[in-house]
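1. Take a look and give me a structure for this.
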Amino acid sequence: MKKNLLLGAALLMMTTGAFAKEINVKVSGMVCSMCAQGIEKKFKTDPSVKSVDVNLDNKLVKISTHEGKDVEDTLIKKYITEAGYNVAEITRQ
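-> Here you go, the predicted structure:
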(Lines give C-alpha, C1' and ligand atoms only; values in the text may rest on other atoms or scores of the structure.)
Protein backbone atom coordinates (compact mmCIF):
# COMPACT_ATOMS: atom_id res chain seq x y z
CA MET A 1 0.00 0.00 0.00
CA LYS A 2 2.78 2.41 0.96
CA LYS A 3 4.57 1.58 -2.30
CA ASN A 4 1.43 2.46 -4.31
CA LEU A 5 1.11 5.81 -2.54
CA LEU A 6 4.73 6.68 -3.34
CA LEU A 7 4.26 5.66 -6.96
CA GLY A 8 1.08 7.74 -7.21
CA ALA A 9 2.80 10.78 -5.72
CA ALA A 10 5.71 10.41 -8.14
CA LEU A 11 3.34 10.18 -11.11
CA LEU A 12 1.45 13.26 -9.96
CA MET A 13 4.67 15.25 -9.68
CA MET A 14 5.78 14.15 -13.16
CA THR A 15 2.48 15.09 -14.81
CA THR A 16 2.40 18.48 -13.07
CA GLY A 17 5.86 19.26 -14.37
CA ALA A 18 4.99 18.08 -17.87
CA PHE A 19 3.02 21.21 -18.71
CA ALA A 20 4.73 23.64 -21.05
CA LYS A 21 6.24 26.68 -19.46
CA GLU A 22 6.84 28.37 -22.80
CA ILE A 23 4.80 28.07 -25.98
CA ASN A 24 5.95 29.56 -29.28
CA VAL A 25 3.36 30.27 -31.95
CA LYS A 26 4.26 31.30 -35.50
CA VAL A 27 1.49 33.53 -36.79
CA SER A 28 0.82 34.69 -40.33
CA GLY A 29 -0.80 38.04 -41.08
CA MET A 30 0.76 40.15 -38.30
CA VAL A 31 2.20 43.39 -39.63
CA CYS A 32 1.71 46.21 -37.12
CA SER A 33 1.65 47.09 -33.44
CA MET A 34 -2.16 46.97 -33.44
CA CYS A 35 -1.84 43.30 -34.47
CA ALA A 36 0.40 42.66 -31.48
CA GLN A 37 -1.94 44.45 -29.09
CA GLY A 38 -4.97 42.46 -30.27
CA ILE A 39 -3.19 39.15 -29.75
CA GLU A 40 -1.75 40.16 -26.36
CA LYS A 41 -5.19 41.27 -25.20
CA LYS A 42 -6.72 37.88 -26.10
CA PHE A 43 -4.10 35.86 -24.22
CA LYS A 44 -3.97 38.09 -21.14
CA THR A 45 -7.58 37.18 -20.35
CA ASP A 46 -6.58 33.51 -19.90
CA PRO A 47 -5.76 32.70 -16.25
CA SER A 48 -3.16 30.09 -17.32
CA VAL A 49 -1.09 32.71 -19.15
CA LYS A 50 1.67 34.36 -17.15
CA SER A 51 2.93 36.58 -19.97
CA VAL A 52 2.73 37.01 -23.72
CA ASP A 53 5.28 38.61 -26.02
CA VAL A 54 4.60 39.34 -29.69
CA ASN A 55 7.56 39.72 -32.03
CA LEU A 56 6.34 41.27 -35.31
CA ASP A 57 9.67 40.84 -37.12
CA ASN A 58 9.71 37.07 -36.55
CA LYS A 59 5.90 36.69 -36.65
CA LEU A 60 6.20 34.90 -33.31
CA VAL A 61 4.00 34.92 -30.22
CA LYS A 62 5.77 33.65 -27.10
CA ILE A 63 3.42 32.56 -24.31
CA SER A 64 4.64 31.78 -20.79
CA THR A 65 2.27 29.85 -18.54
CA HIS A 66 1.92 29.80 -14.78
CA GLU A 67 3.48 26.85 -12.93
CA GLY A 68 1.48 23.68 -13.55
CA LYS A 69 -0.76 25.36 -16.14
CA ASP A 70 -1.04 24.97 -19.90
CA VAL A 71 -2.95 26.42 -22.82
CA GLU A 72 -4.19 23.78 -25.26
CA ASP A 73 -3.41 24.12 -28.96
CA THR A 74 -7.10 24.39 -29.84
CA LEU A 75 -7.48 27.37 -27.51
CA ILE A 76 -4.32 29.02 -28.88
CA LYS A 77 -5.69 28.66 -32.41
CA LYS A 78 -9.04 30.06 -31.28
CA TYR A 79 -7.45 33.16 -29.71
CA ILE A 80 -5.27 33.81 -32.77
CA THR A 81 -8.09 33.38 -35.28
CA GLU A 82 -10.46 35.51 -33.19
CA ALA A 83 -7.81 38.26 -33.31
CA GLY A 84 -7.87 37.93 -37.12
CA TYR A 85 -4.72 35.91 -37.87
CA ASN A 86 -3.67 32.37 -38.75
CA VAL A 87 -1.51 29.92 -36.81
CA ALA A 88 1.38 28.51 -38.85
CA GLU A 89 3.05 26.42 -36.13
CA ILE A 90 2.96 25.75 -32.37
CA THR A 91 6.02 24.51 -30.50
CA ARG A 92 6.57 23.95 -26.78
CA GLN A 93 9.68 24.16 -24.63
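
2. Run through the helices of the chain in chain order.
-> Per DSSP state H, the chain carries helices over the ranges 2-17, 33-44, 73-82.

3. Mean pLDDT lowest where, among the ones you listed?
-> Note on the helices of the chain: helix 2-17 shows the lowest mean pLDDT, a mean of 47.

4. Hmm, Ile90 is touching Val25, no?
-> Yes. Ile90 lies in contact with Val25 (Cβ atoms under 8 Å); the separation is 5.3 Å. Where you see a C-beta, it was placed from the backbone N, CA and C, and this is true even at glycine.

5. Who has more neighbours out of the two?
-> Using other Cβ atoms under 10 Å, the more surrounded residue of Ile90 and Val25 is Val25, with 25 against 19.

6. For that one, give me its contacts.
-> Under the criterion of Cβ atoms under 8 Å, 6 or more residues apart in numbering, the neighbours of Val25 are Leu60, Val61, Lys62, Ile63, Ile76, Ile80, Val87, Glu89, Ile90.

7. Please dump those into JSON lines; it should also carry distance to Lys41 for every row.
-> Formatted as JSON lines, those follow (distance: Cβ to Cβ, whole Å):
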{"residue": "Leu60", "distance to Lys41": "17"}
{"residue": "Val61", "distance to Lys41": "12"}
{"residue": "Lys62", "distance to Lys41": "16"}
{"residue": "Ile63", "distance to Lys41": "13"}
{"residue": "Ile76", "distance to Lys41": "15"}
{"residue": "Ile80", "distance to Lys41": "12"}
{"residue": "Val87", "distance to Lys41": "17"}
{"residue": "Glu89", "distance to Lys41": "22"}
{"residue": "Ile90", "distance to Lys41": "19"}
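
8. Going through these, which ones are buried?
-> Neighbour-count burial (16 or more other Cβ atoms under 10 Å) applied to those gives Leu60, Val61, Ile63, Ile76, Ile80, Val87, Ile90.

9. Now, these that are in strands?
-> Leu60, Val61, Ile63, Val87, Ile90 (DSSP state E).

10. and Val87, how far is that from Glu67?
-> Taking Cβ to Cβ, to the nearest Å as the measure, Val87 falls 25 Å from Glu67.
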